[in-house]
Structures are given as structure tokens and as C-alpha cells.
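>>> this one's sequence-less:
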């Protein structure tokens with residue numbers, strides 16, 4: 001009878017680990033797919049950030065030019081009028 005129980009226990013252990021192996025394999029493939037999706041999204045995000053950085057740099061140059069334009073007087077400043085003496 002002990003030999004029969006030994007075979008039953010061995011079959012249960014083998015079957016349990018077989019099922020666990022199949023589950024782990026399926027989880028592993030899902031994990032790889034999820035990583036691929038995330039990597040693609042990060043690549044798209046990196047491209048979008050590069051475009052935004054270029055736009056910000058361009059706007060910064062335009063703003064600097066505009067500030068320089070404000071520094072240059074276009075006409076001479078007006079002289080203050082002195083009050084008339086009585």
C-alpha cells in the first residue's frame with residue numbers, strides 16, 4: 001500500500017509543477033508583450049519631447065530677439081520741460 005501512495009504523491013507533485021510551469025510560461029509571454037508595448041510608448045514619448053524641446057528653443061530665440069528689440073530706442077528720448085518762471 002505504501003508503494004501506491006508513493007506513486008500517487010509523485011503523480012500529484014509532478015502534475016502540480018507541470019501546471020505551475022505552464023502558468024509561468026504564459027505569464028512570461030504576457031510580460032514580454034507588456035514590455036514591448038511600454039517600450040513603444042516610451043519611444044513615441046521621446047520623439048514628442050524632442051519636438052517640444054525644439055519648439056521651446058525656437059521660442060526662446062524669438063523672445064530674446066524681441067527683448068533686444070525693446071532695449072534699442074527707436075527715437076531719442078524726449079527732454080523734460082522745465083516749468084516756466086514767474
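Cool, got the structure. Since we're looking at a predicted model, the values are computed, not measured. Numbering: from 1, shown residues only.
>>> any stretches of the protein with poor pLDDT?
Counting by pLDDT under 70, the chain has low-confidence residues at 1, 77, 86.
>>> residue 11 versus residue 40, what's the distance?
Distance, residue 40 to residue 11, by C-beta to C-beta, to the nearest Å: 44 Å. The C-beta positions use only the backbone N, C-alpha and C, and glycine is treated the same way.
>>> what of residue 17?
Residue 17 is 11 Å from residue 11, by C-beta to C-beta.
>>> same check on residue 72?
Applying C-beta to C-beta to residue 72 and residue 11 gives a distance of 92 Å.
>>> try residue 82
114 Å.
>>> try residue 43
Taken as C-beta to C-beta, the span from residue 43 to residue 11 is 48 Å.
>>> from the chain's centroid, how far away is the strand or helix carrying residue 15?
Applying DSSP states H and E as the criterion places residue 15 in helix 2-71. Between the centre of helix 2-71 and the centre of its chain there are 11 Å (C-alpha atoms, centre = their mean, to the nearest Å).
>>> mind checking the SS state of residue 84?
Recorded secondary structure, residue 84: coil (DSSP: H, G, I helix; E, B strand; the rest coil).
>>> check residue 79 too.
coil.
>>> now it, what are its backbone angles?
Residue 79 adopts backbone torsions of phi -80, psi 140, taken as degrees, to the nearest 10.
>>> look up how far residue 85 lies from it.
From residue 79 to residue 85 the distance is 17 Å (C-beta to C-beta).
>>> try residue 34
Computed as C-beta to C-beta, the residue 34 to residue 85 distance reads 88 Å.
>>> these two: who's more crowded?
Between residue 34 and residue 85, residue 34 has the larger neighbour count (other C-beta atoms under 10 Å), namely 10 against 4.
>>> just list the residues touching that one, thanks.
Counting by C-beta atoms under 8 Å, 6 or more residues apart in numbering, residue 34 touches no other residue.
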